[in-house]
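Novice: Provided below for reference: sequence and predicted model.
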Amino acid sequence: MLQKKYTLKRLKETTLSKPVIDESRFVINYKNELNPAQFDAVSALDGAYLVIAGAGTGKTRTLVYRVARLVELGYDPKSILLLTFTRKAANEMMNRASILLDNRCSKVNGGTFHSFANLILRRYAKAAGLDSSFTILDQSDSEDIINLIRSQAGFISKEKRFPNKQTLEKVFSLSINTGKPVKDLIEEDFPHFIEQLDKILDIQKVFINYKHKNNLLDYDDLLVYLKNLLLESGLPAKSLLSSIKYVMVDEYQDTNKLQAEIIKGLTQFNNNIMVVGDDSQSIYSFRGADFKNIMEFPKLFKNVKIIQLEENYRSVQPVLNFTNHVIEKAIEKYPKNLFTRKTGGELPVIVAAATENLQSKFIVEKILDLREEGVPLRDIAILFRSSFFSFDLEIELAKANIPFQKFGGMKFIETAHVKDVLAFLRIAANPKDVISWYRVLLLHEGVGPKTAQKILDELATARLTIKANPESNASFSEETSSHKSSDKIAGLFQLLYKLHTVKSLPSEKAQLVMDYYYPLFKDKYDDYNKRNKDLEILLNITQNYKSLDNLLADLAIEPIIDSVIDIGAEDKENEFVTLSTIHSAKGLEWHSVFIIHLVEGFFPSSRSADKLETLEEERRLMYVASTRAKQNLFISYPMNIFDREAGMTLSKPSRFITEINPDLAEGWLLDEDN
């Protein structure tokens, strides 16, 4: 009998129906505590997911519940990676998940791209081609090194203007994060420097070599080395990737090209990726963020499922109707329609004021009215496209004795006195950190740039070292010892020798530095009493660490706190009105929001009119500003603006408000008689 051959075929997983999970097995009743769209995202398992989370739709809640559900399903918390843009966001999510479920959630790998890169590169340093004791440079450190290179290598001439250190650092960083050649960035943003391109590229080469030679990594290097490690096919990369089962990314619309490549690299052995973001809130292109990342995500990964969160828990419907209309005009977007179950709410108001000062006086009067109605000052914000738009308003607020805080001042970690103290500690951790050496040496009387450079040269050739006992003078060359500042330098080397060789906690090392630094500190700063509070804060921070490397890495990667020298006396009040640029206000919310200076050429800015991409980002900026309001939204503009050359001129209202019909906003007119 002739028998027919029959071959068994393995069915692909995609052809099988997903297993039905019994919801009663969970501690948390996910279906009851989430809306249908949120539940879809939270219950998603294997595969690639793009969650478009409109403003105020519970994005964080969704991520927190998904973390808890994965843990409840039995997945190892350490196999779950949650990448965010701030340490605060990661900590908040882990804490909320732990409260929601249990302490297992605190073991989830959560952090910023840079902190994750730092952790992995120290663990796999050899495979990444690094020394695990590398020092992390912050932006100002990188600028200082670039300045050292540009000034010492003969790049500057008196005949032609040359880009400053900030410009060079910005161009080099943007080139790495966006993948654009330095030449293209110079042509786009600094065409007057195109003749200097060869010199600029030479500085970049020296800068890269300098960092490599001195065991230094800047923020961009962290991401570059991580990407390269992930794309290696060796055992370390496989070991790392096999330990990660699920990847989640918050605020995906803010990622740059390099970060998108890292995410792709993290999921190359499986396709379990969920990114959460809102294309309509992509407003950070000046930092290198790429709007295309979120728009093209479905092309990057296979079988992407898009889930949209549209139910808003923040704003009343009239505010949402306004914001829906603003973003509806966007050319490229994921269509969405925000709605709420909240009832009531007044129409947003568009206020045309005769002058800028009248605009300011209206806002002051309205703030006082709101306070009388029971709205706390802390629940009121004035938002603007650029910080100088608020100068006139600040004067009027001060006259009315209304306390306010303006966001965007210098950060704690960027203050000179804090950087001084950290420089000592960084040398203790990495004696090759030349930029910290330079900073510390210049603190001493009698040590100028030339002397400092001589000492740096001796350190580079090992004629001078902190590893020998300074009390025996074995570490000093005759030339240095004979210098008039040798006594001061001897004390410095004794301190650094102790910091480098004696095993002690970071707090103890920091106290030694403070004791040595305090006399120098008092001589250098006239307002040392005020600045001293920052040093006290820094000492308190060191108490939380057992490792000096971890302390320095955290302070470099994620600056912790605003400096007290940047906080005015009005902040001692229990309450204050918030003044903020829109970029700084993203992610926040207030009961009542004022958006000021909606004038064509200012918002949108005149610079944005040249390109469709930048004009579209200005529209998204308006959307972000509008969606900060929970109850009241006031939008204002001055009809007349003073120009230095033309005098008082008639302004043109922003296109973002001329598009609004009376059903969406109420119009008010203020003139000098009011």
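Specialist: Sure thing, it's come through.

Novice: Going by C-alpha atoms from here, please, whenever you check contacts or count neighbours.
Specialist: Fine.

Novice: Low-confidence regions, the stretch 301-450 of the chain specifically.
Specialist: Where the stretch 301-450 of the chain drops to pLDDT under 70, the residues are 408-413.

Novice: what about the strands in it?
Specialist: 305-309, 349-353, 380-384, 404-406 (DSSP state E, counting those that start in this stretch).

Novice: So which of those strands is nearest residue 669?
Specialist: Closest approach to residue 669 among the strands of the stretch 301-450 of the chain is made by strand 349-353 (4.9 Å; CA to CA).

Novice: now what about that closest one, what contacts it?
Specialist: Contacts with strand 349-353, where a contact means CA atoms under 8 Å, 6 or more residues apart in numbering, come from 359, 633-639, 657, 665-671.

Novice: Direction included, what does it pair up with?
Specialist: Note on strand 349-353: by DSSP bridges, its sheet partners are strand 629-638 (parallel), strand 666-670 (parallel).

Novice: Could you list the alpha-carbon positions for that strand in PDB?
Specialist: C-alpha atoms of strand 349-353 as PDB (Å, rounded to 0.1, in the frame of the first residue of the first chain):
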ATOM      1  CA  VAL A 349     -10.400  83.900  27.300                       C
ATOM      2  CA  ILE A 350      -8.300  85.700  24.700                       C
ATOM      3  CA  VAL A 351      -7.300  89.100  26.000                       C
ATOM      4  CA  ALA A 352      -6.200  91.900  23.700                       C
ATOM      5  CA  ALA A 353      -4.500  94.600  25.700                       C
END
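
Novice: now that strand, how far from the chain's geometric center?
Specialist: Offset of strand 349-353 from its chain centre (CA atoms, centre = their mean, to the nearest Å): 33 Å.

Novice: mind listing what the closest residue to residue 128 other than its chain neighbours touches?
Specialist: Spatial nearest neighbour of residue 128, chain neighbours left out: residue 229 (5.7 Å); criterion: CA to CA, 6 or more residues apart in numbering. With contact taken as CA under 8 Å, 6+ apart, residue 229 is in contact with 127-128, 237.

Novice: Compute the number of surrounding residues for the residue nearest to residue 320 when sequence neighbours are not counted.
Specialist: Excluding the flanking residues, the one nearest residue 320 by CA to CA, 6+ apart is residue 338, at 6.2 Å. By other CA atoms under 10 Å, 21 other residues sit near residue 338.

Novice: For residue 338, give me phi and psi.
Specialist: Backbone torsions of residue 338, given as degrees, to the nearest 10, read phi -70, psi 140.

Novice: How about residue 340?
Specialist: phi -140, psi 160.

Novice: Pretty sure residue 84 sits against residue 114.
Specialist: No: contact criterion CA atoms under 8 Å: residue 84 and residue 114 do not qualify, at 9.7 Å.

Novice: Which strands and helices lie in contact with the longest helix along the chain?
Specialist: When the chain is parsed with DSSP state H, its longest helix is helix 506-524. The criterion is 3 or more CA pairs under 8 Å, 6 or more residues apart in numbering; DSSP states H and E, and the helices and strands that helix 506-524 contacts are helix 416-429, helix 486-501, helix 528-542.

Novice: which of the contacts of strand 349-353 lies closest to residue 183?
Specialist: Nearest to residue 183 among those, with distances taken as CA to CA, is residue 657, at 38.2 Å.

Novice: which residues sit in contact with that closest one?
Specialist: With CA under 8 Å, 6+ apart, residue 657 has these contacts: 350, 598.

Novice: Next: residue 261.
Specialist: Residue 261 neighbours (CA under 8 Å, 6+ apart): residue 227.

Novice: burial count for residue 274?
Specialist: 25.

Novice: same check, this time on the one 5 residues further on
Specialist: By the measure other CA under 10 Å, the count of residues near residue 279 is 24.

Novice: Need the three-state assignment for the closest residue to it other than its chain neighbours.
Specialist: Nearest residue to residue 279, sequence neighbours excluded (CA to CA, 6+ apart): residue 253, at 5.7 Å. Applying DSSP: H, G, I helix; E, B strand; the rest coil to residue 253 yields a three-state assignment of helix.

Novice: Check the gap between residue 253 and residue 288 for me.
Specialist: 11 Å (CA to CA, to the nearest Å).

Novice: same thing with residue 423?
Specialist: Between residue 423 and residue 288 the computed distance is 29 Å (CA to CA).

Novice: Tell me which of those two has more neighbours.
Specialist: Shown here are residue 423 and residue 288; by other CA under 10 Å, residue 423 has more neighbours (22 against 19).

Novice: Please name the residues that touch the nearest residue to that one once chain neighbours are set aside.
Specialist: Nearest non-adjacent residue to residue 423, counting by CA to CA, 6+ apart: residue 436, 4.7 Å away. By CA under 8 Å, 6+ apart, the contact list for residue 436 reads 423-424, 426-427.

Novice: Return the closest of those residues with respect to residue 241.
Specialist: Out of the contacts of residue 436, the member with the shortest distance to residue 241 (by CA to CA) is residue 426, at 31.7 Å.

Novice: Burial check on that closest one, number of neighbours?
Specialist: Residue 426: 23 neighbours (other CA under 10 Å).

Novice: can I assume it is in contact with residue 551?
Specialist: No: if you go by CA under 8 Å, residue 426 and residue 551 don't touch, sitting 10.1 Å apart.

Novice: Check the gap between the residue nearest to residue 128 and residue 445 for me.
Specialist: Residue 229 is 45 Å from residue 445, by CA to CA.

Novice: Out of the helices and strands packed on helix 506-524, which is closest to residue 74?
Specialist: That would be helix 528-542 among the helices and strands packed on helix 506-524, by CA to CA, at 35.9 Å.

Novice: Identify each buried residue in that closest one, please.
Specialist: Residues 531-532, 534-535, 538-539, 542 are the ones in helix 528-542 that count as buried (16 or more other CA atoms under 10 Å).

Novice: again with stretch 57-73
Specialist: 57-60, 62-72.

Novice: related to what we said a few turns ago, now the buried residues of helix 528-542 as JSON lines including distance to residue 138 and pLDDT?
Specialist: Supplementary listing: the buried residues of helix 528-542 in JSON lines, determined by distance: CA to CA, whole Å; pLDDT from 0 to 100:
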{"residue": "531", "distance to residue 138": "21", "pLDDT": "78"}
{"residue": "532", "distance to residue 138": "22", "pLDDT": "79"}
{"residue": "534", "distance to residue 138": "19", "pLDDT": "77"}
{"residue": "535", "distance to residue 138": "19", "pLDDT": "84"}
{"residue": "538", "distance to residue 138": "17", "pLDDT": "82"}
{"residue": "539", "distance to residue 138": "20", "pLDDT": "82"}
{"residue": "542", "distance to residue 138": "18", "pLDDT": "83"}
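
Novice: Let's have the residues you listed in a markdown table, adding distance to residue 268.
Specialist: Conversion of the buried residues of helix 528-542 to a markdown table gives the following (distance: CA to CA, whole Å):
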| residue | distance to residue 268 |
| --- | --- |
| 531 | 49 |
| 532 | 50 |
| 534 | 45 |
| 535 | 45 |
| 538 | 41 |
| 539 | 43 |
| 542 | 39 |
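
Novice: For residue 358, give its distance to residue 396.
Specialist: For residue 358, the distance to residue 396 - CA to CA - is 10 Å.

Novice: Revised request: answer the last question for residue 240.
Specialist: Using CA to CA, residue 240 is found at 57 Å from residue 396.

Novice: How about residue 334?
Specialist: 41 Å.

Novice: repeat for residue 198
Specialist: 50 Å.

Novice: So which of these two has more stuff around it?
Specialist: Neighbours per residue (other CA under 10 Å) separate residue 198 from residue 396, with residue 396 holding more: 19 against 11.

Novice: Now do the same contact list for that one.
Specialist: Residue 396 makes contact with 360-361, 364, according to CA under 8 Å, 6+ apart.
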